[in-house]
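A.B. asks: What shape does this take:
(chains A, B, C and D)
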Number of protein chains: 2
Amino acid sequence: MGTTERREREKLRRKNEIIDSAERVFFSKGLDQSTMDDVAAEAELSKGTLYLYFKSKEELYLAVNERGFQILQTLFSEAISIEQNGLDKIRAIGQAYFKFAQQYSDYFNAMLYYESRDIDFSIENSCARACEEVGTETLKIVASAIQTGIVDGSIRSDLDPFKTAVVLWGQSSGIVQVHTLKGQHFQEKHKIKPEEIMQLSLEMMARSLQV
Amino acid sequence: MGTTERREREKLRRKNEIIDSAERVFFSKGLDQSTMDDVAAEAELSKGTLYLYFKSKEELYLAVNERGFQILQTLFSEAISIEQNGLDKIRAIGQAYFKFAQQYSDYFNAMLYYESRDIDFSIENSCARACEEVGTETLKIVASAIQTGIVDGSIRSDLDPFKTAVVLWGQSSGIVQVHTLKGQHFQEKHKIKPEEIMQLSLEMMARSLQV
DNA sequence: ATAATTTTATGACTATCAGTCATTCGATTA
DNA sequence: TAATCGAATGACTGATAGTCATAAAATTAT
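C.D. replies: Numbers count the residues shown, from 1 in each chain, chains lettered A, B, ... in the order given. The predicted structure is shown next:
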């Protein structure tokens, strides 16, 4: 009988339902303010059950995070497909990243946490691994756009595509981190619009790639 | 009698002793693994006493952080004083920042936490305020170096010094964050030396400022 | 010198929450 | 109908941030 397969499916469904609930709770109250009991209540399950599907709060959190990465990856794929020239692809990716930070701010904030923590990638089959996988895929999209730019002459040829992708990634996340966490504060204190910072940053990054 | 003044001094001294102890504990075990009881034991005080001087663990942590900011500010001041030309000052600041991240990695890691959290600046007289103050001073150093560069012609004149300083700050912290948290992982996975990333980033940032 | 007052320090206690585990429930199979 | 097995439960444990009534020490007033 195909009972095992159905069970497998149901197990996956339940897992996703738990992530759905966790997402709602984490996004509405913030990760630190959310308890596993909150998530359990939202999922209409007992706390113990959560631990059958995720071995810790961090795992569950990373599972939510992975969805964010997947959205980002899609946005990046769309971005590069629209533009022809390599440098314009990179510009489009930059815009897409900033758009992601604004439109999917909950996912983005979750990603910040991920980026700023020393995550343990060692345990096999963990959600951290999955995040890392999608993250690397996303980086490869950036690297390939740079490669395209080098070939079509819109980007200087002395750059290593993957290394440059890592740099752009680091720089962008730093900027968007400032935007997200200190943006309002800067606006009040120094009369600087966060959007200006993001646009200026984009312009500067594009310039650093030009021949 | 000058008793009040001496008491004031002693109170400050005790406060600093607590920060000393907290620093040792936080740096040796990591913030999350450190308990207030650990800090109290290290300071040879009771936990209750800690709360007479700091209203929460976060406050105490921010107090440690402020020291890091002060070191960074000093390094930046030294950096700009060595070089003449504006763009070289900026390069020197960049190098100083990367040096800080390596030599004072404990302080730097603490700062990452600060940078990646939504800190509450509202409460009067809090340690967060102090960090913010030193942070702004540090930014002003960067901005003034950019201004110098615009005047001496080494940096393009269409940039707003303070906004550009914010961008450079955000980009740099993003890069160094990648370097610190994911560097080893990148090295293993993609055979990329973290130092290369930092140098490439510096070069790209300098290029984005050039006329 | 002594009592009254004010400041500083204590540590037992509370509240909260991540994670566990013996037990129950329910579906599948014999 | 009984036996088996995986899924689910929720009371329990351990850890720890933060509190508060009380004590000790220092300062000031009598």
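
A.B. asks: burial measure for the one residue in chain A that gets nearest to DNA strand D, as a count.
C.D. replies: The minimum distance from chain A to DNA strand D, using C-beta to the nearest atom of the strand, falls at residue A:48 (1.9 Å). Just so you know, the C-beta spots here come from the backbone N, C-alpha and C atoms, and that holds for glycine as well. Look at residue A:48: counted by other C-beta atoms under 10 Å in any protein chain shown, it has 9 neighbours.

A.B. asks: ok, now residue A:111?
C.D. replies: Residue A:111 sits with 24 neighbouring residues when counted by other C-beta under 10 Å.

A.B. asks: repeat for residue A:184
C.D. replies: Residue A:184: 12 neighbours (other C-beta under 10 Å).

A.B. asks: same check, this time on residue A:35
C.D. replies: When counting by other C-beta under 10 Å, one arrives at 13 neighbours for residue A:35.

A.B. asks: Need the three-state assignment for the closest residue in space to residue A:153 that isn't next to it in sequence.
C.D. replies: Leaving aside its chain neighbours, residue A:153 sits nearest to residue A:211 (7.0 Å; criterion: C-beta to C-beta, 6 or more residues apart in numbering or on different chains). The three-state assignment at residue A:211 reads coil, by DSSP: H, G, I helix; E, B strand; the rest coil.

A.B. asks: Thought residue A:156 was touching residue A:211, still the case?
C.D. replies: Yes - counting by C-beta atoms under 8 Å, residue A:156 is a contact partner of residue A:211 at 4.5 Å.

A.B. asks: With neighbour numbers in mind, choose between those two.
C.D. replies: Using other C-beta under 10 Å as the criterion, residue A:211 and residue A:156 rank with residue A:156 on top: 16 against 11.

A.B. asks: The most centrally placed residue in chain A and DNA strand C: what is the separation?
C.D. replies: With distances taken as C-alpha atoms, centre = their mean, the residue of chain A nearest its centroid is residue A:69 (3.8 Å). Applying C-beta to the nearest atom of the strand, to the nearest Å, the value for residue A:69 to DNA strand C is 22 Å.

A.B. asks: isn't that residue right next to residue A:134, touching?
C.D. replies: Yes - using C-beta under 8 Å, residue A:69 is in contact with residue A:134, at 3.9 Å.

A.B. asks: quick one, what contacts the residue nearest to residue A:153?
C.D. replies: By C-beta atoms under 8 Å, 6 or more residues apart in numbering or on different chains, residue A:211 lies in contact with A:153, A:154, A:155, A:156, A:157.

A.B. asks: coming back round to it: let me see the contact set for the residue of chain A closest to DNA strand D.
C.D. replies: Per C-beta under 8 Å, 6+ apart, neighbours of residue A:48: none.

A.B. asks: Can you spell out the domain ranges of chain A, please?
C.D. replies: Under automatic domain parsing, the residue ranges defining each domain of chain A are A:1-53, A:56-209.

A.B. asks: and the closest residue to chain B within chain A, what element?
C.D. replies: As assessed by C-beta to the nearest C-beta, chain B sits closest to residue A:174 within chain A, at 1.9 Å. Following DSSP states H and E, one finds residue A:174 within helix A:161-177.

A.B. asks: likewise residue A:39?
C.D. replies: Element membership of residue A:39 [criterion: DSSP H and E] is helix A:36-43.

A.B. asks: same deal with residue A:76?
C.D. replies: Per DSSP H and E: residue A:76 is located in helix A:57-82.

A.B. asks: Buried residues, that helix. List them.
C.D. replies: Neighbour counts over helix A:57-82 (16 or more other C-beta atoms under 10 Å in any protein chain shown) mark A:57-73, A:75-76, A:79-80 as buried.

A.B. asks: Could you do stretch A:26-35 as well?
C.D. replies: A:26, A:27, A:31, A:34.
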